[in-house]
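Participant: coordinates only, sequence not included:
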Ligand SMILES: Nc1ncnc2c1ncn2[C@@H]1O[C@H](COP(=O)(O)OP(=O)(O)O)[C@@H](O)[C@H]1O
Ligand SMILES: Nc1ccn([C@@H]2O[C@H](COP(=O)(O)OP(=O)(O)O)[C@@H](O)[C@H]2O)c(=O)n1
């Protein structure tokens, strides 16, 4: 895979609410790269499975559903991404509490992951991409030229997610969000196949006490230095 990957591949991994998508899309915009949100792909499958009443514990049913599903990520204004599933724009439904509660289950199955990883590698093949997720630097794109691992305290991540969901109009409690994030982190980091992990050669950034601009500036400086 790696020798076929074009130049300018940046991996951003970390747990929920660490700030990956916020900074990854800003970084991509600054560098003129494409931003690819792999979490949105798992969310898209979870959403479709919920809609179609597929048993979320049935690996074969989920793998078969995925093989019949097209998931396209399209660049939108301000570096955002629109997610098109089977031709329909589902972007605004991907961050619902129902999807939040089921996505890590769906993403835990090896057959689902191997198909997603293959699609993600295809998307990155041309280079000039910033891809964010859980296993990008360790597994999807192990030869990425720059790898970041973002983290933040559980409290900071829960508060950020709570504010974000409140802004989106969902009625949420900080307590529930903290529990959900903790549960999802545990599922993501304990699954046997390509778990959430920091690559040995990743740059670790703890964003707990950092402003978004500060995080982006630090990442940009590292990318410019490494990519020349
Ligand atoms: N460094 C930061 N400081 C404060 N808030 C942040 C920071 N990074 C991200 N946020 C906010 O936290 C929320 C979650 O960030 P997001 O990028 O979705 O995290 P992730 O993709 O890692 O789950 C967003 O509303 C975002 O604006
Ligand atoms: N590369 C990836 C990306 C996401 N995921 C799964 O998808 C879920 C949602 O990812 P996300 O990046 O949209 O989630 P947030 O960090 O934004 O909360 C994660 O909790 C993982 O279970 C994964 O397994 N591998």
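Facilitator: Yep, it's here. Keep in mind that this is a model prediction, so the values were computed, not measured. Ligands and ions are numbered 1, 2, ... in the order given.
Participant: Run through the residues of this protein sitting next to ligand 2.
Facilitator: 16-17, 21, 38-40, 42-43, 103-104, 107, 133-136, 184, 188 (CB under 6 Å from any ligand atom). C-beta coordinates here come from the backbone N, C-alpha and C atoms, glycine included.
Participant: Go ahead and build a ChimeraX selection from the buried members of those.
Facilitator: Buried residues among the residues of the chain next to ligand 2 (16 or more other CB atoms under 10 Å), as a ChimeraX selection:
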select :16,17,21,38,39,40,42,43,103,104,107,133,134,135,136,184,188
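Participant: The protein: helices as residue ranges?
Facilitator: Along the chain, counting by DSSP state H, helices occupy 20-31, 38-52, 59-67, 97-106, 110-124, 154-167, 174-190, 212-227.
Participant: Turn the ones you listed into a markdown table, including mean pLDDT and distance to residue 11.
Facilitator: As requested, the helices of the chain are arranged in a markdown table below (pLDDT from 0 to 100; distance: least, CB to CB, whole Å):
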| stretch | mean pLDDT | distance to residue 11 |
| --- | --- | --- |
| helix 20-31 | 95 | 9 |
| helix 38-52 | 98 | 10 |
| helix 59-67 | 98 | 23 |
| helix 97-106 | 93 | 20 |
| helix 110-124 | 97 | 9 |
| helix 154-167 | 95 | 20 |
| helix 174-190 | 94 | 16 |
| helix 212-227 | 96 | 11 |
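Participant: can I get these in CSV with distance to residue 141?
Facilitator: Shown next, in CSV, are the helices of the chain (distance: least, CB to CB, whole Å):
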stretch, distance to residue 141
helix 20-31, 13
helix 38-52, 10
helix 59-67, 20
helix 97-106, 21
helix 110-124, 6
helix 154-167, 24
helix 174-190, 18
helix 212-227, 15
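Participant: Kindly reformat the ones you listed as TSV containing distance to ligand 1.
Facilitator: TSV is the format used below for those (distance: least, CB to the nearest ligand atom, whole Å):
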stretch	distance to ligand 1
helix 20-31	3
helix 38-52	7
helix 59-67	22
helix 97-106	10
helix 110-124	16
helix 154-167	3
helix 174-190	9
helix 212-227	5
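Participant: Please look at residue 220 and residue 30 and confirm they touch.
Facilitator: Yes - using CB atoms under 8 Å, residue 220 is in contact with residue 30, at 5.5 Å.
Participant: now stretch 126-139: how far from the chain's centre is it?
Facilitator: Put simply, stretch 126-139 sits 9 Å off its chain's centre (CA atoms, centre = their mean, to the nearest Å).
Participant: buried stuff in that stretch?
Facilitator: Those would be 128-139, for stretch 126-139 by 16+ other CB under 10 Å.
Participant: of those, closest to ligand 1?
Facilitator: residue 132 (6.5 Å; CB to the nearest ligand atom).
Participant: Show me what the closest one bridges to in the sheet.
Facilitator: residue 12, residue 37 (DSSP bridges).
Participant: Contact partners for it?
Facilitator: 11-13, 20-21, 24, 35-39 (CB atoms under 8 Å, 6 or more residues apart in numbering).
Participant: do the same with residue 214
Facilitator: So residue 214 contacts nothing (CB under 8 Å, 6+ apart).
Participant: Tell me the spacing between it and residue 27.
Facilitator: In this view, residue 214 and residue 27 are 13 Å apart by CB to CB, to the nearest Å.
Participant: Name the nearest residue to residue 116, sequence neighbours excluded.
Facilitator: Residue nearest to residue 116 in three dimensions, not counting chain neighbours: residue 41, with 5.6 Å by CB to CB, 6 or more residues apart in numbering.
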